[in-house]
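In: Have a look; sequence and predicted model below, questions after that.
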Amino acid sequence: MKHPEDDARDREREERLDEAIASILSEPAMTGVRERLLKRAASWTAATVPHAIRWRPPAFAGVAIAASIIVVVCLIFLRRGPGEMQGGGGGAEKPRSAFFEAHPIAFAIVADEAPILAALSGPRDPVSLGGKVMTRDETGKLLVFPDALHVWDWTKSRSSRVRNGVAMRSARPLALSPDGKMLVSLWGEAIDLETGERKDFPGFGDERHRVHSIRFSVDGKSVALLVWSYEGKPNQYERPISPSTRILEWTTGKLLRELPAPLVHLSRWLAFAPDGRSVVLGVPDAASQPRDVRLERRDLATGDVMTRFEPALKLVAIAISPDGRYVCGSEYYGHLFIWRTDSGKLVKEIAITRDGKHDPFAQVEVMQFSPDGRYLAAAPRHKALKVYETATGREVAQVPLDLPSFVTHLRWSKDGQAITIVTDSAHEGGGRLSIEPQRRTPAYDIYPAVYRLQWKEILSGTAVPLPVAPGGD
């Protein structure tokens, strides 16, 4: 089972693999092999075709492609020699990988309550929102700097403020405080975005207690950490023994409460209630499948369970309405569940559709209720903005989003008359398989962008995402 957060990256890797296979099959040696296979197959009759192949053409096609790939790799090996394939050969410089990054180098980090967006890694000079930056040249040389922090206030300027020399132990994931003033890493490293002052906060774990996700309360006074503990030093083979949710006082690092946590890597496993007195979080469900999560509302003063929400689900994200009346949980196989916060009663289960049919791959990581709680806006993975009526689950609007990347953040304006969306960085070029080094293409990052849609146009079906102009909210 793939993790929800890895779904987009897995799809991109599949696209890169298809690209690589197409490149291999276009080689002269492979063209001849393919033509001979097709000619041989065309000469067969029903009597001569082996029974296993006759009834399994897809399997035969797969075997043919696999055999073709093996033949090409052997030809390359024989032509270049084992020393060159491994980067050896008389002290010559080791060739760079034929693949560059299949994902962006810089990722968007957005403040929940302020018009602040940040990205760690980039050039030394300012970058515009949605700007395209070359990250590697044809030789594979890295052209951006991992310690260059770019910060945008989209109400003031489309160009970033650059702060160089921001070396952090963890480059991703990071979090911004709700007011957009502090950048925080999983190790408790915090950078003041105005002054550049650095501070290390206690309580963020150590080598044996790894923080995987960070969530701030609405007022920024508390922070929740998803922590996985290990018996020894974590590695790719060792499983954590006790996941937990730690609620800390942000300014001091004081542990306020420790709660259960799921053994699933989620960035939105928890949501603070608007009043900051309780949280809704995912906890392990022993009665269900291993990755199933049950939602609970917990009192932060006592840790007691206030409400349980059924059914258990393969959780992706949680949202609470601003008035605190509703809770929404998104599920891995393309469903949204809306409950009443006080009673736990299921209001509606919504099947996310695409072209009129349920889309089981439409995971929703980004969603938010309108200020009055009447509507829920959600951005599924298939690049669309959907709006549902909370009380009935009815889809009232859908806006296609033909944008460079997925939506990583959305918010309603305070008057509910507009929705602002932020796209994550996108990757372009550089990932193509090249048999010859000179055929490599440069790699680019398309930096995050901010768009706004008007509510009236969303309802009328005429909405188009327009880049936010400085001076807006």
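Out: That came in fine, so what should we check first?

In: and stretch 380-387, which residues are buried?
Out: 380-382, 384-387 (16 or more other C-beta atoms under 10 Å). To be clear about C-beta, it is placed using only N, CA and C from the backbone, and glycine gets the same treatment.

In: what's the farthest-apart pair in those?
Out: Arg381 and Val387 (16.7 Å; C-beta to C-beta).

In: re earlier: mind picking the lowest-pLDDT entry from the buried residues of stretch 380-387?
Out: Minimum pLDDT across those is recorded for His382, with 78.

In: Now do the contacts for that one.
Out: By C-beta atoms under 8 Å, 6 or more residues apart in numbering, His382 lies in contact with 354, 359, 361-362.

In: Write a ChimeraX command that selects only the buried members of these.
Out: In ChimeraX syntax, the buried subset of those is picked out as below (16+ other C-beta under 10 Å):
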select :354,359,362
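
In: What is the lowest-pLDDT residue among the contacts of His382?
Out: Minimum pLDDT across the contacts of His382 falls on Phe361, with 87.

In: surely it meets Arg381?
Out: Yes - counting by C-beta atoms under 8 Å, Phe361 touches Arg381, with 6.7 Å between them.

In: Val387 contacts Arg394, doesn't it?
Out: No - between Val387 and Arg394 there is no contact under C-beta under 8 Å: 9.8 Å.

In: just so I have it, where are all the strands in the stretch 151-300 of the chain?
Out: If DSSP state E, counting those that start in this stretch is used as the criterion, the strands of the stretch 151-300 of the chain fall at 161-163, 174-176, 182-185, 189-192, 198-200, 209-216, 222-229, 242-249, 255-260, 270-272, 278-284, 293-299.

In: Any chance of a markdown table for those strands, columns mean pLDDT?
Out: Putting these into a markdown table (pLDDT from 0 to 100) gives the following:
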| stretch | mean pLDDT |
| --- | --- |
| strand 161-163 | 95 |
| strand 174-176 | 91 |
| strand 182-185 | 93 |
| strand 189-192 | 92 |
| strand 198-200 | 89 |
| strand 209-216 | 91 |
| strand 222-229 | 92 |
| strand 242-249 | 92 |
| strand 255-260 | 95 |
| strand 270-272 | 97 |
| strand 278-284 | 95 |
| strand 293-299 | 96 |
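
In: circling back to that earlier point, drop everything from the buried residues of stretch 380-387 that is not in strands and list the rest.
Out: 380, 384-387 (DSSP state E).

In: Next, format those residues as CSV and append distance to Pro115.
Out: Shown next, in CSV, are those (distance: C-beta to C-beta, whole Å):
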residue, distance to Pro115
Pro380, 24
Ala384, 24
Leu385, 19
Lys386, 24
Val387, 22
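
In: ok, of those, which one's closest to Leu117?
Out: For those, the nearest to Leu117 is Leu385 (18.4 Å; C-beta to C-beta).

In: Look up how far Tyr332 lies from that closest one.
Out: According to C-beta to C-beta, to the nearest Å, Leu385 stands 20 Å off from Tyr332.

In: The closest residue to Leu295 other than its chain neighbours: neighbour count?
Out: Distances taken as C-beta to C-beta, 6 or more residues apart in numbering place Phe309 nearest to Leu295, at 4.0 Å, with adjacent residues excluded. When neighbours are counted by other C-beta atoms under 10 Å, Phe309 registers 24.

In: right, and Phe309 touches Trp339 too?
Out: Yes - using C-beta under 8 Å, Phe309 makes contact with Trp339 at a distance of 4.8 Å.

In: Pull up the overlap in contacts between these two.
Out: Between them, Phe309 and Trp339 share the contacting residues 295, 327, 329, 346, judged by C-beta under 8 Å, 6+ apart.

In: Can you tell me the SS state at the second one?
Out: When the structure is split into helix, strand and coil by DSSP: H, G, I helix; E, B strand; the rest coil, Val327 lands in strand.

In: That one bridge partners, please.
Out: In this entry, Val327 is beta-bridged to Ile320, Trp339, by DSSP bridges.

In: so where's the chain shaky on pLDDT?
Out: For the chain, the stretches flagged by pLDDT under 70 are 1-102, 171-173, 232-239, 288, 290, 430-440, 471-473.

In: Just the helices from it, written as ranges.
Out: In the chain, the helices defined using DSSP state H lie at 7-25, 28-42, 51-54, 57-80, 82-85, 455-460.
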